[in-house]
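*Asks:* here's my sequence, what's the structure:
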Amino acid sequence: MSQRSERGHQKASRAKKQMPGFALRPATPADFRFAKALYMSSMQPLLTALGAWDEAKADASFRDYFKSEEVRVIILDGADIGWIQVSEGDNELHLDQLHLIESLRNLGIGTSLIRQLQGEARKKDRPLRLSFVRGNRAAALYERLGFRHVGSDVTKIHMQWHA
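*Replies:* Predicted structure coming up:
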């Protein structure tokens, strides 16, 4: 198959994939275990690659930052498939966490959620900020959605979007 026809086939395959319908529900304290397990499974490979994985530190960090009142659980076909945490300050919205189970990544769910947040930020005339661990594949998504680099540290990259 030529490169041209192969690219056309890949585009057609992507076009056939449709984003699954999903819903959000408010988190309850009972969601803590699910959220923590997904967080740890997402973060461990990234931080290990940076030589920065410390399970006790990750556990303590999760306990400090997970606030069920800021979390929405992502549901597909009645099953919990991920979670999103958004905090709101006086001058910004902050996407604190977005985690999906591995098999349901790259289907447009994260894109849809971030676009919804961008709409909310636009209405409130506030920037939308986020930070992520270096090496996270979602970096390309954030750039595609118009986020710009505003800083970094040893393990994280900080980005911002404003309408």
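
*Asks:* can you name the helix or strand that the residue nearest the centre of the chain falls in?
*Replies:* Central residue of the chain (Cα atoms, centre = their mean): residue 98, 2.9 Å from the mean position. Per DSSP states H and E, residue 98 falls inside strand 93-100.

*Asks:* got the angle for the next helix or strand after that strand vs strand 93-100?
*Replies:* Counting by DSSP H and E, the element after strand 93-100 in chain order, helix or strand, is helix 109-124. If you take axes from the mean of the first three to the mean of the last three Cα atoms, to 10 degrees, helix 109-124 sits at 170 degrees to strand 93-100.

*Asks:* so for the following helix or strand past helix 109-124, what's the average pLDDT?
*Replies:* Per DSSP H and E, helix 109-124 leads on to strand 128-133 as the next helix or strand towards the C-terminus. Averaged across strand 128-133, the pLDDT comes to 98.

*Asks:* ok, and what's touching strand 128-133?
*Replies:* 43, 46-47, 50, 92-96, 117-118, 121, 138-139, 142, 147, 150, 155-162 (Cβ atoms under 8 Å, 6 or more residues apart in numbering). Just so you know, the C-beta spots here come from the backbone N, C-alpha and C atoms, and that holds for glycine as well.
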